[in-house]
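J.: I would like to see how this sequence folds:
(2 chains)
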2 protein chains.
Amino acid sequence: MTPVLNLKSHLGGRWVERGGAPGETLVNPATEEPLASVGGGAIDGKAALAFARTRGGAALRALTFAKRGALLGGMGKALQAHRDELLDLSVRSGGNTRGDAKFDVDGAIFTLAAYAEIGQGLGEATFLVDGEGITLGRSPRFHGQHIAVPRLGVAVHINAFNFPAWGLAEKAAVALLAGVPVLSKPATSSALLAHRIVEILLEKQVLPEGALSLLVGPVGDLLEHLGPQDVVAFTGGSDTGLKIRSLPQVLRNSVRVNVEADSLNAAVLGPDAAPGSETYAFFLKDVLRDMTQKAGQKCTAIRRVLAPAPLAARVRDDLVDELGRITVGDPAHDGVRMGPLATASQLRDVREGVSALAADGRLVFGVSEVVALGATPGKGFFFSPALIEVEPGADAPAVHGREVFGPVATVVPYSGRPGEAAEIVARGGGGLVASVYSEDAAFTVDVVLGLAPFHGRVFLGSARIAEQSPGPGTVLPSLVHGGPGRAGGGEELGGPRGLAFYLQRVALEGSRPIIEKIAGVKSS
Amino acid sequence: MTPVLNLKSHLGGRWVERGGAPGETLVNPATEEPLASVGGGAIDGKAALAFARTRGGAALRALTFAKRGALLGGMGKALQAHRDELLDLSVRSGGNTRGDAKFDVDGAIFTLAAYAEIGQGLGEATFLVDGEGITLGRSPRFHGQHIAVPRLGVAVHINAFNFPAWGLAEKAAVALLAGVPVLSKPATSSALLAHRIVEILLEKQVLPEGALSLLVGPVGDLLEHLGPQDVVAFTGGSDTGLKIRSLPQVLRNSVRVNVEADSLNAAVLGPDAAPGSETYAFFLKDVLRDMTQKAGQKCTAIRRVLAPAPLAARVRDDLVDELGRITVGDPAHDGVRMGPLATASQLRDVREGVSALAADGRLVFGVSEVVALGATPGKGFFFSPALIEVEPGADAPAVHGREVFGPVATVVPYSGRPGEAAEIVARGGGGLVASVYSEDAAFTVDVVLGLAPFHGRVFLGSARIAEQSPGPGTVLPSLVHGGPGRAGGGEELGGPRGLAFYLQRVALEGSRPIIEKIAGVKSS
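T.: Presented below is the predicted three-dimensional model:
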């Protein structure tokens, strides 16, 4: 084997090589060609956090929102200037088609631009004024005002393997705009792209020193040194989320933790959306996109396809037809519609998962040995799309309980009653997003309100928006992202809403003129 | 001993006696006379939660905010009609002076009225519309709107012993207004008052069935049955808060937990507030009130008194003078200014705590055997107010690390520099409230902004508000209550802000007319 690039971490203001412990080799998921190695040696987590807090935090807090927004603008421009290189790297290191790569990299650039604009809008202030002033006493002299100030800690961001670019950028954009320095830890398997992004940002010096640190490889002792002003935002499997939340240091110090975990996102087809209708076509396209984009490795991907019982067989057949046309292979080759899974362990998990789902009903599409275009036989983590169907009224505990993180979905028939659709979806225990495809306003309203308590986002799939819509699987910076229960109970983005996680809200109580002076609000 | 009232729980829509295990006897803290007993037998926590979720939740969600507000209005009126009885019971069962009792009971009535008014303002809607609509696509047709809907679970409220009336009411008011049923668990030692309140509310039938349950005594298996739509709001010691947060069921289901724990609230005297000034008098009065009201058993009470070094001796002497005039005794007797602590175990903790604090400096006020007016010698949990002082620059780990939940405070000298004051206060690791007494605007602004990241509320003690102010120790329903780090990392109240904890925020994404129909917003 040829020696490969050893990915360093950027901690305490410098690039650090992790020696000692045996490392991990990152490979191209389509060829298994080694691309980089990651050391697992000790890091000085305490010093890394302290450096970020003191240097990065102080520098960011001294800036106004407009100036922090300008930093994000600079980040976006720096990535845009290296876009082609990043897309190539994404294809090579992530098993992504060029379309998948754009989804990740352009999503990062778009989110940075969106928060740059929010910063512009918040203007020349260093903290937020929250709501109106409140008269507390008999006279308006005794006054209350909430403000929200940057926390004095570090934002530790632990990202999922599927979006090394977008995941880093969307979390960093919000924290940096809030005035909180970031220590970002990409998933090891796809760290190459995140590493290159940080390298570019550091080369171009778009951020103050200490504002953005990068930890590649195992988390080491980092989380043991979290203090009461720090926050952790995690995206990934619920087991890891649970571990982070259970850390004694996190619990003892009331460290804020945001978890965005897997969920069993559902799409509900309305009884009115008959085959042949635009709405049906829109629905089918969205399900198909979610099953195959990023080889189904999206936390927002549709996993459960609820179809009215009379339409379920048709939905199944149409999906089977379409899935049969998906060319799986090395995304470096033309004509490949779906790349491999990200790692050997993902491939194992998805294989096992599909068997578990199939036991709830039956497998209606899927091949055990996929022929991968342009791939060396026996190499690459390829998997065929798989579709399962269950009987009406089936218990289907795996379908409603186990997320299979690959190109996999299940058709679940329901009676056509909005209440039943929402009840079945709710059995997933809380999700990031659910979608409803219908032109029947009464049905849509009923399903949406039934789904709402269980989701962070509900997508209303009317044909009227089909041309403009990126589908339910795309997270938009202006809408919240997260969900209750098994989705982790977290919330990110949502435009300015996302800032709250990084800020401390505090009520000021006292004499009106001095409070208005602090809030920068002129006496009226 | 005469047989005493056995306090029942109200679960599943009926009064339930807890048999089996040996119970606990509640006593008058001033006389140790037995008042009631509490059983520790098993409860059917699963059924109690299910009843509240299905009956209470459905009934509340069917109501608009205005109608839920009217329920709160009815609750307040019912308590007002029994106010004298409740005050007497508070004095007898809680060691409260009549003033302390009013603070608790009237606080409950006031908070219910405040949220009744908020409900009125939110009007005829069953969920909240959060922010403006957002154009998501090239045309305004592709539209986003956040809404916030009631969670479908139960709000489990675990309250502290010090405010059985206010604690129950302030938490219940917010949850019920949000549309979420409440299961309230008072601290056992002061459960008599909470029990009577629930009895009154049930007798008067002011709430739908299942909207308010009461659990008296140990929590049993209740928390093992919490699901992803439930929430827990806890007020009390940080150890118990930690235990609740660490429960496997809570972590696994992403159950929302709000913790409001003890904190080392500080009052900072400005260098300009010289003895003889109105500001100095205001400061002294607030410190003294916080030390003695409820015998210092307030989570918001001032524990650390930061005085500029040149004024520290004077502050100490003035406090010692005033404390010498405080008459401790059975609050049933006229002339008693401060009652006993709530329980024998509180008394033990406070005794130990004062020794620990004194080891950081020296005890300047306090007597080992307090003479309690109207008390039987050897009976009652009486404790003398205690004042400690430390040297300028002292490390004082106990003073900045240990909350002594009684009539106890420590004078901590500082240089007079605003930055130093904030740094010293921050050593407490996060607090519910801090206060600054000064007429110097520049000093005040600097200290306030230095304190803000570490607190949920900052009180600006200018003489201009002295006449109207209840002091930093009073929690107002319109301002948030909570704090980062050792204060638990939670947030309650804050007017409509408090509702968010009980609601699920969800982004609606789709075609504008249907989303505006759902949000009840007319197309503009």
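J.: which SSE is immediately downstream of the lengthiest helix in chain A?
T.: Criterion DSSP state H: the longest helix present in chain A is helix A:98-122. With elements assigned by DSSP states H and E, the helix or strand that comes after helix A:98-122 is strand A:128-135.
J.: the longest helix of chain A packs against which elements?
T.: For helix A:98-122, the helices and strands in contact under the criterion 3 or more Cβ pairs under 8 Å, 6 or more residues apart in numbering or on different chains; DSSP states H and E are helix A:65-81, helix A:83-94, helix A:164-178. For glycine as for every other residue, the C-beta is placed from the backbone atoms N, C-alpha and C.
J.: got JSON lines for the ones you listed, with distance to chain B, mean pLDDT and mean neighbour count too?
T.: Putting the helices and strands packed on helix A:98-122 into JSON lines (distance: least, Cβ to the nearest Cβ, whole Å; pLDDT from 0 to 100; neighbours: other Cβ atoms under 10 Å in any protein chain shown) gives the following:
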{"stretch": "helix A:65-81", "distance to chain B": "16", "mean pLDDT": "98", "mean neighbour count": "20"}
{"stretch": "helix A:83-94", "distance to chain B": "22", "mean pLDDT": "97", "mean neighbour count": "20"}
{"stretch": "helix A:164-178", "distance to chain B": "12", "mean pLDDT": "98", "mean neighbour count": "28"}
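J.: any chance of those in TSV, plus distance to B:Ala466?
T.: TSV is the format used below for the helices and strands packed on helix A:98-122 (distance: least, Cβ to Cβ, whole Å):
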stretch	distance to B:Ala466
helix A:65-81	36
helix A:83-94	61
helix A:164-178	36
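J.: follow-up on the earlier one: pull out the buried residues from the longest helix of chain A.
T.: Buried residues in helix A:98-122, counting neighbours by 16 or more other Cβ atoms under 10 Å in any protein chain shown, are found at A:98-116, A:118-119, A:122.
J.: burial of the closest residue to chain B within the stretch 251-400 of chain A, as a residue count?
T.: Nearest to chain B in the stretch 251-400 of chain A, going by Cβ to the nearest Cβ, is A:Ser254, at a distance of 3.0 Å. Neighbours of A:Ser254 under the rule other Cβ atoms under 10 Å in any protein chain shown: 26.
J.: now do the one 5 residues further on
T.: Residues contacting A:Val259 under the criterion other Cβ under 10 Å number 23.
J.: check which helix or strand covers it.
T.: Assigned by DSSP H and E, A:Val259 falls in strand A:256-261.
J.: helix/strand/coil for the closest residue to chain B within the stretch 51-200 of chain A?
T.: Each residue of the stretch 51-200 of chain A has a distance to chain B, by Cβ to the nearest Cβ, and the smallest belongs to A:Gly137, at 3.4 Å. The assignment at A:Gly137 comes out as coil when based on DSSP: H, G, I helix; E, B strand; the rest coil.
J.: wait, it sits on B:Pro470?
T.: No: the pair A:Gly137 and B:Pro470 fails to qualify as a contact (Cβ atoms under 8 Å) at a distance of 9.0 Å.
J.: now the strands: where do they sit in the stretch 251-400 of chain A?
T.: Secondary structure of the stretch 251-400 of chain A (DSSP state E, counting those that start in this stretch): strands at A:256-261, A:266-269, A:304-308, A:362-365, A:386-389.
J.: in JSON lines: the ones you listed, plus distance to chain B.
T.: Converted to JSON lines, these look like this (distance: least, Cβ to the nearest Cβ, whole Å):
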{"stretch": "strand A:256-261", "distance to chain B": "7"}
{"stretch": "strand A:266-269", "distance to chain B": "13"}
{"stretch": "strand A:304-308", "distance to chain B": "17"}
{"stretch": "strand A:362-365", "distance to chain B": "29"}
{"stretch": "strand A:386-389", "distance to chain B": "25"}
